[in-house]
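Asks: build me a model:
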Amino acid sequence: MNLDLTKYKTIVFDCDGVVLNSNQTKIDAYFNVSKRMGGSDTHAQAFVDHHVAKGSFPRNGKIEYYLKEIVKQPVTTEIVQQYLEAFEDILDKSLMQCEIAPALLALKAATPHASWMLLSGGDQTELRRVFSRRNIAGNNLAQMFEAGIFGGPDQKEEVLSREKTNGNIQFPALFLGDSKYDHQAATGAGLDFIFISDWTEVHDWQAYCQIHHILEMANIQQLLKAKFATMQTWGNK
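Replies: Down below sits the predicted model:
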């Protein structure tokens, strides 16, 4: 396929594993939240396994599954909020320290025609707070995403549908993600998709990209270098 970034009016970025090297940070958080809330090591590992399997699915849904299916206790608004607050406490410092994707500023400079959006399975309030406090080369990270920073509890399909309807996502549009859920949400909404693989937690991503003929890039640096190149998707090599 011809990868011409100049044609895109909107570029949507997943956060964990694409903009921030934070997938392992999130894995550690799921384990530690389970333990803090009284779970055993077995419960905590099961929580981690579910998180990895669901990819960028919103956190509140994962918590509800954990309560219902893993620790077998009633799901209430109060207990879900307690888990969310535990996540916020654990992640507040660690997300401030995660590596930011190299070449992000260079990609921004190379795509002045496109508005950028961040769309994550992480908590929306948490994301906006962290990004407003983080800087890259003196630039505020939140300001790079002029089309908005969105996250849970809304699912990605819901956000994409809403932002298409209100005109915030302009087509053609591109989604950069690192999970199967990202791909499914993006293509379901009519966006082109590129799989960013360097920091992904999807163990079988090569096979998944091959089966679904998905263009894969290791990272944003490679994407920037290839922005006008003729590329091949997995499965068409």
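Asks: and the end-to-end length of stretch 103-119?
Replies: Start and end residues of stretch 103-119 are separated by 19 Å (CA to CA, to the nearest Å).
Asks: may I see the buried residues of that stretch?
Replies: 103-105, 107-108, 110-111, 114-119 (16 or more other CB atoms under 10 Å). Every C-beta, even on glycine, is put in place using the N, C-alpha and C of the backbone.
Asks: tally of neighbours for the nearest residue to Ala101 once chain neighbours are set aside?
Replies: Closest residue to Ala101 apart from its sequence neighbours, by CB to CB, 6 or more residues apart in numbering: Ile220 at 4.8 Å. Neighbour count for Ile220, taken as other CB atoms under 10 Å: 23.
Asks: let me know whether Ile220 touches Leu107 as I believe.
Replies: Yes - assessed by CB atoms under 8 Å, Ile220 is found in contact with Leu107 at 5.5 Å.
Asks: re the thing from before, mind checking which of the buried residues of stretch 103-119 land in helices?
Replies: Leu104, Leu105, Leu107, Lys108, Ala110 (DSSP state H).
Asks: of those, closest to Glu146?
Replies: Within those, the smallest distance to Glu146 is 10.2 Å, found for Lys108 (CB to CB).
Asks: and Ala185, helix, strand or coil?
Replies: helix (DSSP: H, G, I helix; E, B strand; the rest coil).
Asks: closest one of the buried residues of stretch 103-119 to His50?
Replies: Leu119 (21.1 Å).
Asks: now that closest one, which residues is it bridged with?
Replies: Phe150 (DSSP bridges).
Asks: thought it was touching Lys156?
Replies: Yes - Leu119 lies in contact with Lys156 (CB under 8 Å); the separation is 5.8 Å.
Asks: can you pull the residues that touch both of the two?
Replies: The contact sets of Leu119 and Lys156 do not overlap (CB atoms under 8 Å, 6 or more residues apart in numbering).
Asks: hmm, back to that, what is the most widely separated pair among the ones in helices among the buried residues of stretch 103-119?
Replies: Farthest pair in these, by CB to CB: Leu104 and Ala110, 10.8 Å.
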